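1. fold the stuff below for me.
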Amino acid sequence: MKKIPFLIWLLVIITVTSLPQKTFLPSNRGLDKVFHFFLYSTLTLFFFLGFDKKSWKYLIFIVIFAGIDEIHQYLIGSRTPSFYDFLSNFSGIIFTFLTLK
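-> Residues are numbered from 1 along each chain as shown. Predicted structure coming up:
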C-alpha cells in the first residue's frame, strides 16, 4: 500500500509529459524548470515513503526514468527533450534524496 503513491505519481508524470506542450504549461522556461524539479522531487519523496530507505539502488531507476521521460517527449509532436529539463529533474531527485537521507 505504501508504494501506491509512488506508482500513481509515475503515471502522473507520464501523463503530463505526454500532453502537448501548449496544453499544459506556457513556454516560460523558468517556470518549466521549477515544474520539472517539483515533479521529480515529489516522486523521490514518494519513493522514500514507500520503499526501504536503504534501497538507494531504486534511485538509479528514478534517474533513468527521468532520462527516458525526456527522450519520450521527442515522440510528442509539440514537445522536445531537453538536457536542461533532465538537469532540473535530476536536481529535484538529488535535493529530496539528500534532504531525507
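
2. so after the lowest-mean-pLDDT helix or strand in the chain, what's the next helix or strand?
-> Using mean pLDDT, DSSP states H and E, helix 21-24 stands out as the lowest-scoring helix or strand of the chain, at a mean of 61. Using DSSP states H and E, the helix or strand that follows helix 21-24 in sequence is helix 29-50.

3. show the average pLDDT along that following helix.
-> Across helix 29-50, the average pLDDT comes to 89.

4. starting at the chain centroid, how far to it?
-> Relative to the centre of its chain, helix 29-50 is centred 5 Å away, using C-alpha atoms, centre = their mean, to the nearest Å.

5. what does that helix contact?
-> 2-6, 9-10, 12-13, 16, 25, 58-59, 62, 66, 84-85, 88-93, 95-97, 100 (C-beta atoms under 8 Å, 6 or more residues apart in numbering). C-beta here means a position set from N, CA and C on the backbone, and glycine is covered the same way.

6. again, 7 Å this time
-> 2-3, 5-6, 9-10, 13, 25, 58, 62, 66, 84-85, 88-89, 91-93, 95-97, 100 (C-beta atoms under 7 Å, 6 or more residues apart in numbering).

7. now swap in stretch 88-101 and tell me
-> Residues outside stretch 88-101 that contact it (C-beta under 7 Å, 6+ apart): 33, 36-41, 44-45, 48, 59, 62-63, 66.

8. sorry, back to before: can you select the buried ones among the contacts of helix 29-50 for me in ChimeraX?
-> Selecting only the buried entries of those in ChimeraX, with 16 or more other C-beta atoms under 10 Å as the criterion:
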select :5,6,9,10,13,62,66,85,88,89,92,93,96,97
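
9. not counting its neighbours along the chain, what's nearest His36?
-> Counting by C-beta to C-beta, 6 or more residues apart in numbering, His36 lies nearest to Ser88, which is 3.7 Å off, once chain neighbours are set aside.

10. quick check, central residue of this structure?
-> The centre of the chain sits closest to Tyr40, judged by C-alpha atoms, centre = their mean, with a distance of 3.3 Å.
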